[in-house]
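Participant: Fold the following for me, if possible:
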Amino acid sequence: MLTKKRVKIVGVLVVVVVLLYVIAIEIQSIQASKKQLSFVKNLELSLRAKSTTTKPDIVETTDAGAHVIKKEGDEERRNDTSNDDAINGFRHQPMDVPPSPPSLQRSNWCGPDNSPQTKIKYIKTHKTGSSTLTNIFHRFGEANDLNMALPRDNLFYAWPSVNARGIANSIEHIGNRNFPYDILASGHVAYVKEGLNEIVPGGTFVTILRNPYTHFTSSWAHWHVYDHIKHNGGPMLTVYEFLENFHKYKDYMSPSDKLLLINNMASDLGLHNPTVESTKLLIQDMEDNFGTVLITEYMMESLVLMKRRLCWTLNDVLHMSLKVSHEHKAMVVKDHPSLKKLDELNFADLMLYRHFNASFWRQVEEEKKNGFDKEVEELKEMVNMHSKNCQRFVNYDEDAHRVELEENLSLDKQDRLCHLMMLDSKGFVKHLKKRDGYPIEKLECFASSYTTKLMHLVTDNPADVQVSNIFALNSVLVKTLTYEDVNNVEQVPDGMLPRPPIQVHRPASSFALSVRGLTYDRNFMDAFSPNMMYISTFRHPVQEFLDAWTRLKIEEMMRAVDPSLENALDEYLDNTDYWHQALNRKGFNVQRHLTNRIGYFMGVPLQHTPAQMEHALNHIWWFTHIIIAERPVESLVFLRRMLCWKLDDVVKVDLKEWTKATSYKISSFTSRPPLRVEKRLLEINHVDFELYRRASDVFALKTKRQVSFADEIEMFNSKRQTFLNSCESSSPQVGCGKLNRSRREALRGISPSHPLQPFNPPQILLDIDEPRE
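Facilitator: So this is what the prediction gives:
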């Protein structure tokens, strides 16, 4: 009995010891996990104050309407190895950073039974060729009908926030497409492993890294950091001057500059305040969870390696390079002393690149045993062949590609592939949303959200007055003005061009600038109120002239000089210079007020140089939206798209009043053949003719490239009729009685009262007061 008791006691003790041992191991494991998780938590806490679910106030300047695609013969190639010493040798090593451990990366991240991997979480880094990867993932997802997580704003998954909930909330759920997703690859997102795994369970992560030296210099140029430093009070610097004196000039950088320049790749990977230790933890985390880390300088080899890791085909990684800048060549000057500063400044990016560049080549060497080089050459040949086939579409923007893909029913397979490969990430997201039935009003927007920050270049016609009324009906706050008494807008005779105001209300709450008498000067306007969306109305020069002729009562003025005139307009057309001199009086230059009025608003002096005219013509392309008075419905629908408003916001307009701007008939003024009269009027108003023709061409080109534009015009007409019917009912909608207000009446009620500030526009005009000798 005693022996049996001892055996039981010993057995119990053994169990206890084993349990204690297991508990001890578990505690160690938990502590290790806590250590790694604490760095993520600290990152989240450090960002919480400034973290947001929307993108920061930065602008991808190359994409504001022009998505640059690499053309044949470009010097900056994705496989360029002209900087091998800087890229591979790493002559400049980070301070106190020990060598990275060998890669423990898995060699196979395929799907079940070695099927193609369809669960992808792509961490898109900035200025690394990452848009090419996004396009590849988009095409793979569409071809296989995968559930794609698409960002609400078409660009960002709450970047740069590391808040998992914010990232999840940034995804647009369309119809039956909801959690869980197959692919998250459409925009920039911070690496938050747990949160992203909830969105896309299983599968693998993928990212791309670039040589930190070229990455920094390229980012410096692309984001115009030097301009921001100068704008904030610093000097104009080269990238190397900045690096040599970083601590002196860092405070002149904007917050977005710091985010996009200092350890930016580490930041994109969720590490916003890196240390050597936290970067090591990130590297190990990536080794465990990233199926492929591509290297920008070796894109072809990277794609073949990814293709093998994911069990894809070469057709799956076929591509064309997107968003390659032709303006900035970020070349590293070898052994430039300032690079040592960059080693210290961007040590985390350098650690990441050194490790994964070395890991990449170890994997490549291993794969070379199985025909790797042959596949790389095959992919190069495929890319070159398709690049040549698609060359004719190289100048298309995202909307033009989408029009072909979504509205050209006769598009063949090869051309479809070209348009898909050349579609940038924002355009592809819209394409996928359209496929899933996303509403046109929400989808077809130039801005990413409802916009009221407008620079309205006021012109003098009824159509433009209706545009001001639209702004007023939508409660767009407009800065109010004060004019000199002698030039008060209310006292200026009808048809005369007013001088600019002398004072303006500039409250911080105002969103729009709508100034009668202010002519176009981009530098002044940007300095006065930056980052505005420019809008203006153009009408045919003959209509512009006949309107001014009528309102200025030119015929009465001519008959006061010569009562025997048979036809005033005929006499003016035959003796234009004489009548310009005869009708001039103090304070009134008839040529300025009567002719080339569009030129006046665009800042073109009467006595202008060819360079001044070309400047005005070129700047028409810079306007966010051109309104053509002769095309009211198309102009209003396009306005809605540019501002990301709703159709209900632009249907409240008096089109009868609008069309008064274009209702003049030559036959009402003369019995001469209309075409002959029109030709002469266009000769006299040659500046207006050139500007109007350019504006019409820009408008036609932009509207032609609008997706579902005809459908939205039908929606506009339907909604407008509903609005008009409501105005005739017993309970009319708001705005019915305000459709035909004057501009001053429209804007008076919505402008807040604030102290005045001086307003000193450049005095380039303006010979509107005194007659020309």
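Participant: for the protein, what helix or strand is lowest in average pLDDT?
Facilitator: Ranked by mean pLDDT, DSSP states H and E, the helix or strand of the chain with the weakest confidence is helix 84, at a mean of 37.
Participant: Past that helix, which element shows up next along the chain?
Facilitator: strand 120-123 (DSSP states H and E).
Participant: Just checking: what are the partner strands of that next one?
Facilitator: Strand 120-123 has the following strand partners under DSSP bridges: strand 183-184 (parallel), strand 204-209 (parallel).
Participant: What is the burial count for residue 610?
Facilitator: As a burial measure, residue 610 scores 7 neighbours (other CB atoms under 10 Å). Just so you know, the C-beta spots here come from the backbone N, C-alpha and C atoms, and that holds for glycine as well.
Participant: I misspoke; the intended subject was residue 714.
Facilitator: Using other CB under 10 Å, residue 714 is surrounded by 10 other residues.
Participant: quick one: it and residue 708, what's the gap?
Facilitator: 10 Å (CB to CB, to the nearest Å).
Participant: Assign a three-state SS to residue 359, would you?
Facilitator: Per DSSP: H, G, I helix; E, B strand; the rest coil, the local secondary structure of residue 359 is helix.
Participant: Next, find the distance separating it from residue 317.
Facilitator: As judged by CB to CB, residue 359 and residue 317 stand 20 Å apart.
Participant: Equivalent analysis for residue 307, please.
Facilitator: On the measure of CB to CB, residue 307 and residue 317 end up 5 Å apart.
Participant: now do residue 196
Facilitator: Using CB to CB, which is the criterion applied here, residue 196 is 22 Å from residue 317.
Participant: repeat for residue 398
Facilitator: With distances taken as CB to CB, residue 398 is found 22 Å from residue 317.
Participant: do residue 199 as well
Facilitator: Counting by CB to CB, the separation of residue 199 from residue 317 is 24 Å.
Participant: okay, those two: which has more neighbours?
Facilitator: residue 317 (25 against 19).
Participant: before we move on, the earlier item: mean neighbour count, distance to residue 247 and mean pLDDT added to the strands paired with strand 120-123, as JSON lines?
Facilitator: Compiled in JSON lines, the strands paired with strand 120-123 are given as follows (neighbours: other CB atoms under 10 Å; distance: least, CB to CB, whole Å; pLDDT from 0 to 100):
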{"stretch": "strand 183-184", "mean neighbour count": "24", "distance to residue 247": "38", "mean pLDDT": "98"}
{"stretch": "strand 204-209", "mean neighbour count": "24", "distance to residue 247": "27", "mean pLDDT": "98"}
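Participant: Where do the strands of this protein begin and end?
Facilitator: Assigned strands in the chain, in chain order: 120-123, 150-151, 171-172, 183-184, 204-209, 290-295, 454-457, 481-482, 503-505, 512-515, 533-538, 625-628, 756-758 (criterion: DSSP state E).
Participant: Under the pLDDT cut-off, which ranges of this protein? List them.
Facilitator: 1-107, 322-335, 475-492, 500-511, 528-529, 730-735, 737-738, 740, 742-773 (pLDDT under 70).
Participant: Look up the closest residue to residue 317, ignoring the ones flanking it.
Facilitator: The shortest distance from residue 317 to any residue that is not its chain neighbour, by CB to CB, 6 or more residues apart in numbering, is 4.2 Å, and that residue is residue 303.
Participant: Can you get me a residue count around that neighbour?
Facilitator: Using other CB under 10 Å, residue 303 is surrounded by 26 other residues.
Participant: Okay, it and residue 124: tell me how far apart.
Facilitator: 15 Å.
Participant: swap in residue 172?
Facilitator: Following CB to CB, the distance that separates residue 172 from residue 124 is 17 Å.
Participant: higher neighbour count, the two?
Facilitator: Regarding residue 172 and residue 124, a neighbour count based on other CB under 10 Å identifies residue 124 as having more, with 24 against 18.
Participant: Pull the number of nearby residues for the nearest residue to the more buried one once chain neighbours are set aside.
Facilitator: Closest residue to residue 124 apart from its sequence neighbours, by CB to CB, 6+ apart: residue 130 at 4.5 Å. A count of nearby residues for residue 130, using other CB under 10 Å, gives 25.
Participant: And for residue 632?
Facilitator: Should you count by other CB under 10 Å, residue 632 turns out to have 18 residues around it.
Participant: who's in contact with the closest residue in space to it that isn't next to it in sequence?
Facilitator: Residue nearest to residue 632 in three dimensions, not counting chain neighbours: residue 658, with 5.2 Å by CB to CB, 6+ apart. When contacts are counted by CB atoms under 8 Å, 6 or more residues apart in numbering, residue 658 touches 462, 463, 466, 629, 632.
Participant: just these now: which is nearest residue 188?
Facilitator: Using CB to CB, residue 632 comes nearest to residue 188 of these, at 39.0 Å.
Participant: so what's the closest one up against?
Facilitator: Going by CB under 8 Å, 6+ apart, residue 632 touches 463, 653, 655, 658, 659.
Participant: quick one: the last one from residue 544, how far?
Facilitator: Using CB to CB, we find residue 659 at a distance of 15 Å from residue 544.
Participant: Comparing these two, which residue is more hemmed in?
Facilitator: residue 544 (27 against 15).
Participant: Surely that one touches residue 601?
Facilitator: No: checked against CB atoms under 8 Å, the pair residue 544 and residue 601 is beyond contact range at 10.1 Å.
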